[in-house]
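1. Generate a structure from the sequence data that follows.
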Amino acid sequence: MDDEQKPPRGPKGPAASPAEVEEVYARLEEGEILEGLETALALENEFPQDGDVALAHAAAAYQAGFSNECLAATRRASLLGCESPSLQRFYEASALFRLWESEEAGALVHELLEENPDFPEAWYLSAQIHELQGDEIGARRGYQEADRLAPEAFPRPTRISSASLDQVIETALKDLPEPFDEALGEVSIVIRDLPDWEMAQPESPDEEPFPPDLLGLFVGTDRMDKSVFDPAEQPGVIFLFQKNLERMCPDRPSLIDEIRITVWHELAHYLGFDEEEMEEMGLE
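-> A predicted model of the protein is given here:
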């Protein structure tokens, strides 16, 4: 992208060095998400007028799952000016998508792809947005373009029939350990294509909604909070979201593994395990 296409930079103070900014991305590459976020926050505190630092903060917040924080950081990066306007738009659109603002996210991605059509991550995000909006043709094109540009990173989703999915789920749940196997008999499993807005709403107004690319969700009262007075005919429900699972898994064996882990994770919610305990079991 040439200089004429870049947004004007805001008033500048001292700027972080490229190496300091790169440290944030290096930590994210290594999977050190919280460390990357801490590094970005420290840099932003020291260099509050640096748009590239704000963009690194956005990247870290996105990977940490903090969509509102990511959105605010991307908009600071835009106002201050940054060296990667395409990346800024991508993270802004990604945060909006996770916050269920699909129309605004779609408009941003459309603009981005008109200027930079060789951006596979943006095509993949475009596919997800179209899919959420029920536009299968737009989704198919996005997945095809992402696969064409970066086939190893973005293989096309492996679509399977409902009957095949039932078989995959049966295979995936054959050997769950105790107490998960016992708990499985106490809940229902329901397949949906994708979550919807109502389902995504959190229990607390201070929390962000569950994102549209959610793989599974437990809805109901966990075993720890159950009362003898709870109606027996109202079991908990584990929702599995088929299109998101298919998108995550390039083949049947990986789909079996992902469904097993997803159901196991949601059963852990039902059994009352906290997030730290689930991370220790490899369910995060």
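
2. ok, now which ones touch residue 110?
-> Contact analysis of residue 110 by C-beta atoms under 8 Å, 6 or more residues apart in numbering lists residue 126. Backbone N, C-alpha and C define where each C-beta goes, glycine included.

3. 873 is where my numbering starts, stick with that
-> OK, 873 is where the count begins now, so the last one is residue 982.

4. A helix includes it, no?
-> Yes: per DSSP: H, G, I helix; E, B strand; the rest coil, residue 982 lies within a helix segment.

5. Stretch 953-972: which residues count as buried?
-> The neighbour-count check on stretch 953-972 (16 or more other C-beta atoms under 10 Å) flags 953-954, 957-972 as buried.

6. same check, this time on stretch 944-951
-> Of all the residues in stretch 944-951, those buried under the rule 16+ other C-beta under 10 Å are 944-946, 948-951.

7. residue ranges with poor pLDDT in the stretch 873-1022 of the chain?
-> Scanning the stretch 873-1022 of the chain for pLDDT under 70 picks out 873-884.

8. how about the helices in the stretch 1023-1156 of the chain?
-> Using DSSP state H, counting those that start in this stretch, the helices found in the stretch 1023-1156 of the chain span residues 1034-1044, 1052-1056, 1114-1120, 1124-1143, 1147-1152.

9. Let's have these in TSV, adding distance to residue 892 and mean neighbour count.
-> Listed next are these as TSV, based on distance: least, C-beta to C-beta, whole Å; neighbours: other C-beta atoms under 10 Å:
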stretch	distance to residue 892	mean neighbour count
helix 1034-1044	44	14
helix 1052-1056	45	16
helix 1114-1120	34	20
helix 1124-1143	36	20
helix 1147-1152	29	11
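
10. Which of those sits closest to residue 934?
-> Evaluated with C-beta to C-beta, these place helix 1114-1120 nearest to residue 934, the distance being 17.4 Å.

11. For that closest one, give me every contacting residue.
-> Residues lying outside helix 1114-1120 but in contact with it, judged by C-beta under 8 Å, 6+ apart, are 1000, 1003, 1029-1032, 1037, 1063-1066, 1085-1087, 1126-1127, 1130-1131, 1134.
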